[in-house]
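My questions concern the predicted model and sequence given below.
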Amino acid sequence: MTTIHAANVEAIKAEILSQLNCDPKHPPFHVDEKTAAAALGVQANTLACWRSAGRYSLPYLKIGRKVQYRLSDLAEFLARRTTSHTGEAK
């Protein structure tokens, strides 16, 4: 991971913590499916569909029926999907 990419991931992680009203000094390591969905701006059932179909490379933890996401994985996912344009350069 490049220094710029790492800085972007940390900035996104800070945004997620702020959005979820978490204490940045004592952030949660994992969040539940509903909280992860809120951080990504999607519905919890969307995350379930993504997991089932393998649509995106978004790591998750599965303990029994419980699904959790690492904040660092959510930030990395958003950093990988950040772009400045959708077309080809001219």
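It's in. Quick caveat: nothing in here was measured; it's all calculated off a predicted structure. Residues are numbered from 1 along each chain as shown.

show me the contacts for the residue lying closest to A75 once chain neighbours are set aside.
Closest residue to A75 apart from its sequence neighbours, by C-beta to C-beta, 6 or more residues apart in numbering: K13 at 3.8 Å. Using the backbone N, CA and C atoms, a C-beta is placed for each residue, glycine as well. The contact partners of K13, by C-beta atoms under 8 Å, 6 or more residues apart in numbering, come to 27, 71-72, 74-75.

SS state for K13?
Under DSSP: H, G, I helix; E, B strand; the rest coil, K13 falls in the helix class.

quick one, longest strand in this structure?
In the chain, with assignment by DSSP state E, the single longest strand is strand 66-70.

neighbouring contacts of it?
So strand 66-70 is contacted by 29-33, 36, 47-48, 51, 58-61 (C-beta under 8 Å, 6+ apart).

now whatever helix or strand comes next after it and strand 66-70, what's the angle there?
Moving toward the C-terminus from strand 66-70, the next helix or strand (DSSP states H and E) is helix 71-80. Interaxial angle, helix 71-80 versus strand 66-70 (axes from the mean of the first three to the mean of the last three C-alpha atoms, to 10 degrees): 60 degrees.

Cool, thanks, talk later.
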